[in-house]
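**Student:** Would you be able to build a 3D model of this:
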Amino acid sequence: MRSSRDKGKEVIRIEAEAIAALENRIGEDFEKAVELIHECKGRVIVTGMGKSGLVARKIVATMNSTGTPAIFLHPSDAVHGDLGMVRREDVVICISKSGDTGEIQQLVPMFKRIGVPLISMVGNVKSPLASESQVVLDVSVKEEACPFDMAPTASTTATLAFGDALAIALLEKRQFTREEFAMYHPGGNLGKRLLLRAEEIMVGGDGVPKVHKHVPLRDAILEMTSKRLGATCVVNGDGTLAGIITDGDLRRLLQKMTDVSNVKAETVMTESPKTIKKDVLAAVALQELESYNITQLIVVDDAHRPVGMIHLHDLVKAGLGGENQ
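**Tutor:** Reported below is the predicted structural model:
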């Protein structure tokens, strides 16, 4: 008896070969399917029974997230009222390994009566379903990974991959952008990176630590302590940014001298600190912090007055930290 490891490797090989075989089937019918969906004024209705239905749901999810409106239609529910969701301006994709699934076959005349275009993804291109379809996509496989060649394994994997090929081809044809993707994924990391602005995450208003450059260092320390951002902005008489004092600056100063009673803020501050504008993406702020190995970034207005401060911890809490790890 073979080991579980050997059997696992065989399953992966069989399914990988099934997917690889699809490449040569990306031809005229595939282009017709993409064009039909692209020109569709409504939605893509995807239906399938059993394991094919599970694959259909995944294809629907992928299409929706990449700019192609899609919805899953359960064949059994369709004949009990859900068929009402299908409109003439839609396109239907039927998924069936045999191409002769009873529940799907029952729907085909209904789709024709509505006048909706029909694309089939089948394992048998000579099946009844294929003969009724405007476009036939061949997702047949040489063998299933199941030792009895019965349980859908390689066939569902191949169908899923073909669905991905459709979705991504449509994405490119629509010239779907990263920004649009982010709009559909506002809670995901990409959405945050492409939508979240500095002003939405910065500490602003009275929460911005700020002292005049001529004040005693003691006042700067009190400001840093009360605002709890580990730093304070140092400003000129006209309110423009002169520098920044950080916890690190204080530690380095105390290593050199213990009596700081006569020290002014401008003596300790770092001039020309790193700044950004409030409409800059928060992801850019994170890149700045990481590039310069700093933990605070000052947000300034057009007159170079500090209006906010972003701390690395705020970006991490927003889900941006570690994005590239």
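
**Student:** outside of the helix or strand harbouring Arg251, which residues touch it?
**Tutor:** Arg251 belongs to helix 247-256 when assigned by DSSP states H and E. Contact with helix 247-256 is made by Leu217, Ile221, Met224, Gly230, Ala231, Val260, Val263, Val268, Met269, Thr270, as judged by C-beta atoms under 8 Å, 6 or more residues apart in numbering. Placement of C-beta: from N, CA and C, glycine included.

**Student:** which one in these is the model shakiest on?
**Tutor:** Ranked by pLDDT, these bottom out at Val260, which scores 83.

**Student:** Just say helix, strand or coil for that residue.
**Tutor:** Secondary structure, DSSP: H, G, I helix; E, B strand; the rest coil: Val260 is coil.

**Student:** again, but for Lys112
**Tutor:** Applying three-state DSSP: Lys112 is helix.

**Student:** can you tell me how far it sits from Glu132?
**Tutor:** 7 Å (C-beta to C-beta, to the nearest Å).

**Student:** Would you state the helices of the stretch 201-325 of the chain in chain order?
**Tutor:** 217-227, 247-256, 265-268, 282-292, 312-317 (DSSP state H, counting those that start in this stretch).

**Student:** any chance of the ones you listed in TSV, with mean neighbour count and distance to Ile276 too?
**Tutor:** Output for the helices of the stretch 201-325 of the chain, formatted as TSV (neighbours: other C-beta atoms under 10 Å; distance: least, C-beta to C-beta, whole Å):
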stretch	mean neighbour count	distance to Ile276
helix 217-227	17	19
helix 247-256	12	20
helix 265-268	19	23
helix 282-292	17	6
helix 312-317	16	12
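
**Student:** Run a quick neighbour tally on the residue lying closest to Met257 once chain neighbours are set aside.
**Tutor:** Take Met257 and drop its neighbours on the chain: the residue closest to it by C-beta to C-beta, 6 or more residues apart in numbering is Val263, 7.9 Å away. For Val263, the neighbour count with other C-beta atoms under 10 Å is 15.
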